[in-house]
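Trainee: Everything below, folded, please.
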Amino acid sequence: MYWTTAISAALGLSAVAESATVGHFQPRTKKCPSVHGDIVLDIFQLYSENSAFDPVNCKLYMSSNFNASVVVYDVYTTKHQVLTFPGITHTDPYHIAGIDYDASNGAMFFTANSGSGFATNGVDLSGPQKIIKWDTTAMKTIYTADLATVQEQYNSTFGHAIAGFQDMAEDSAGNSYVPVSFGGYCIAKIALDGTATPFYMSNETAKNATAQPYIYSGLVSLPSQNKLLVSDSQRGTFVTFDTKSESPVPTPITISNLPSNYSSVACDGTITPTRYTNQRIVLCADDTLGGNGAIVVFSSKDHWASAKYLGIIYNTDSRTKGFYTTTAVEITDSIYLSLMPFTDGPTFDTAGNRSSFPLIDITNQVDLLVKANKNH
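Mentor: Numbering: from 1, shown residues only. Here you go, the predicted structure:
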């Protein structure tokens, strides 16, 4: 069963915040009950590409990509709520794909962008690009930031378009950083009032935009180091940015222990699970590795100045044949493999009629890889 919450136009589409912070946020004082084992989401046309767990209210937020809505799921009762946004939900060409939880203030962030870039593999870069900041306690929109100004500034500087703002991460002050997937190297920064400006821009483009158009994809924030850790698909590695720098530049990371059959890192979603202390473990979702995708595990003992490859957890679940592995998600103290069937519809990256979407518990497999490399 589900119920739908419609967001008022005044809240859902405001360009800047009416409040700079989440005024009703209560810091986490108790742990949500543990969840173990696979979870099967029986939600018609869910098609969730990304998700994040709210550890204060104990709810799982999932993007409903093709509906351009967000599903708030209770993992204990299996009830769910659908968040809809006027002018975005069920409005072509919007998709809602990215979801991120900001532990510093209890807010959720959603990307509401044109699906055209992803459906055409970076050819069509037209359409809207927005970020919604959501109060998880008051259950209302804080701001809807329009990234058009960042796109316009990039285009006026370098003479070509960018698009595909799909993932985001937040620093300790609550600023959000959103990298570009297509067209050129750029990361937008969204301030507390919802104002979007370029954080980093470069005229560098994809080396082969036809075969591999993706620029930046998954990223995580490392607040204690004032760093962003970003997957750079063109360089095949991670890069870091100093969020305190007035002129940030990417610093490539050297990754050791890579096997011969996995020499280039290309993450879709990335997370640093709180199950492992000090953000020393990164889980990288590789969409199609091994056929149905995989989670690649990396570690660092020097605050991500360098990294070590620990191993791969392949998706071998027969229920998810033909799915893509888009991210890992941490729900309470367990880690799940999250998947997306992009080919259900009449064309790639469109909805079909599926109602069953499994989340695969991979906690034990990740633990084994981490423990086997405990000295790193």
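Trainee: quick one, helices of the stretch 51-200 of the chain?
Mentor: 116-119, 148-158 (DSSP state H, counting those that start in this stretch).
Trainee: what helices or strands is the longest one leaning on?
Mentor: For helix 148-158, the elements it packs on are strand 185-190, strand 196-202, judged by 3 or more Cβ pairs under 8 Å, 6 or more residues apart in numbering; DSSP states H and E. From N, CA and C alone the C-beta is placed, and that goes for glycine too.
Trainee: Could you do the first one as well?
Mentor: The elements that helix 116-119 packs onto, with contact taken as 3+ Cβ pairs under 8 Å, 6+ apart, are strand 163-165, strand 176-182.
Trainee: Return the most buried member of the ones you listed.
Mentor: Across these, the average number of neighbours (mean count of other Cβ atoms under 10 Å) peaks for strand 163-165, which reaches a mean of 28.
Trainee: Note down every partner strand of it and its orientation.
Mentor: Partner strands for strand 163-165, per DSSP bridges, with pairing direction: strand 176-182 (antiparallel).
Trainee: The partner strand versus strand 196-202: what angle between them?
Mentor: 50 degrees (axes from the mean of the first three to the mean of the last three Cα atoms, to 10 degrees).
Trainee: what's the closest of the helices and strands packed on helix 116-119 to Gly115?
Mentor: strand 163-165 (9.7 Å; Cβ to Cβ).
Trainee: Can you tell me what sits against that closest one?
Mentor: With Cβ atoms under 8 Å, 6 or more residues apart in numbering as the contact definition, strand 163-165 has outside contacts at 98, 111, 113-114, 116-118, 122, 125-127, 129, 131, 147, 151, 178-183, 188.
Trainee: Kindly provide the whole-number mean pLDDT of it.
Mentor: Mean pLDDT, computed over strand 163-165, is 95.
Trainee: shaky segments in the chain?
Mentor: Residue ranges of the chain with pLDDT under 70: 1-29, 375-376.
Trainee: swap the cut-off to 50 and go again
Mentor: 1-25 (pLDDT under 50).
Trainee: what's the distance between Arg280 and Val220?
Mentor: 12 Å (Cβ to Cβ, to the nearest Å).
Trainee: Would you mind telling me which of those two has the busier surroundings?
Mentor: Neighbours of Arg280 and Val220, each counted by other Cβ atoms under 10 Å, are more numerous for Val220; the result is 24 against 17.
Trainee: Check the secondary structure at Asn364 for me.
Mentor: In three-state terms, and counting by DSSP: H, G, I helix; E, B strand; the rest coil, Asn364 is helix.
Trainee: thinking again about what came up before, so which of the helices and strands packed on helix 148-158 is the most surrounded?
Mentor: Mean neighbours per residue, mean count of other Cβ under 10 Å, is largest over those for strand 185-190, with a mean of 24.
Trainee: what lines up beside that strand in the sheet?
Mentor: Take DSSP bridges as the rule and strand 185-190 pairs in its sheet with strand 176-182 (antiparallel), strand 196-202 (antiparallel).
Trainee: hey, where'd the strands end up in the stretch 1-150 of the chain?
Mentor: Remark: strands assigned in the stretch 1-150 of the chain by DSSP state E, counting those that start in this stretch are 2-6, 39-42, 51-54, 59-64, 69-73, 80-84, 94-102, 107-114, 129-135, 140-146.
Trainee: Which residues does the third one contact?
Mentor: Under the criterion Cβ under 8 Å, 6+ apart, residues 32, 59-63, 99-101, 106, 108, 136, 327, 329-332, 338 lie in contact with strand 51-54.
Trainee: can you give me the strands in the stretch 201-350 of the chain?
Mentor: For the stretch 201-350 of the chain, the strands defined by DSSP E, counting those that start in this stretch cover 216-222, 227-232, 237-242, 251-252, 254-256, 270-271, 281-286, 294-299, 306-314, 324-331, 334-340.
Trainee: circling back: anything in contact with each of Arg280 and Val220?
Mentor: Common neighbours of Arg280 and Val220 (criterion: Cβ under 8 Å, 6+ apart): Thr272.
Trainee: So which bits of stretch 70-81 are buried?
Mentor: Going by neighbour count (16 or more other Cβ atoms under 10 Å), the buried part of stretch 70-81 is Val70, Val71, Val72, Tyr73, Val75, His80, Gln81.
Trainee: Which strand residues bridge the third one?
Mentor: Yep, that's Val72 we're talking about. Tyr61, Gln81.
Trainee: isn't it right next to Cys58, touching?
Mentor: No. Judged on Cβ atoms under 8 Å, Val72 makes no contact with Cys58 at a distance of 10.8 Å.
Trainee: Thr288: which of the strands paired with strand 185-190 is closest?
Mentor: Closest to Thr288 of those is strand 176-182 (Cβ to Cβ; 16.3 Å).
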